[in-house]
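[1] sequence and predicted structure below; questions after.
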Amino acid sequence: MEVILKKDMQPLGFKDEIVSVKNGYGRNYLIPQGIAILATESAKKMHEETIKQRAKKDAKLKADAEAVAAKIAELTLKVSAKVGESKKIFGSVNNIQVAEALGASGVEVDRKAIKILGGNPSELGTYEAEIKLHKEVSAAFNFEIVAG
């Protein structure tokens, strides 16, 4: 039996793949759980059209993400933090503050996509972060923590 996966299913495959499974597994588990649909001829035609449309949208999203990545690479980002006498930060700088600094620079991004390399910094200095803008596009950038 062939089915079209509607969700990522680890041992079988990824979303929108057509896979072969045993009849009982498909009819009793995958289809009732909403994980897959039966791959009839009409479903396959609709699936092909959906993939074509999604490819166009994905290409545009990827191009937009690459433009944002180029813009981020040009920025010199400064994040201000409260600092004690020994130049240690009260607390630490996290991805929320980095996202706010990017927003102030004119680049709106999701804070969950930012990953500060080396953990959350707790001292003044320059640090590196990476942002995942698209499943195929990520940008690395440096930011400086300054007393503020």
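    Received it, and whenever you're ready, just let me know what you need. Residues are numbered from 1 along each chain as shown.

[2] pretty sure Leu61 sits against His134.
    Yes - with contacts counted by Cβ atoms under 8 Å, Leu61 reaches His134, the gap being 6.1 Å. All C-beta atoms are positioned from the backbone trio N, CA, C, and that covers glycine.

[3] distance between the helix or strand containing Gly24 and the chain's centre?
    Element membership for Gly24, per DSSP states H and E: helix 23-25. Once both centres are worked out by Cα atoms, centre = their mean, to the nearest Å, helix 23-25 turns out to sit 34 Å from its chain's centre.

[4] now the element after it, going C-ward?
    Per DSSP H and E, the first helix or strand lying C-terminal to helix 23-25 is strand 36-38.

[5] how about stretch 117-127 as CSV, C-alpha atoms only?
    Taking C-alpha atoms only, stretch 117-127 is exported to CSV below (Å, rounded to 0.1, in the frame of the first residue of the first chain):
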residue,chain,number,x,y,z
LEU,A,117,27.7,30.1,20.5
GLY,A,118,29.5,29.2,23.7
GLY,A,119,26.5,29.6,26.0
ASN,A,120,25.1,32.8,27.5
PRO,A,121,27.9,35.4,28.0
SER,A,122,28.3,37.0,31.4
GLU,A,123,31.2,39.4,30.8
LEU,A,124,31.8,42.4,28.5
GLY,A,125,33.4,41.6,25.1
THR,A,126,32.7,40.3,21.7
TYR,A,127,30.7,37.1,21.1
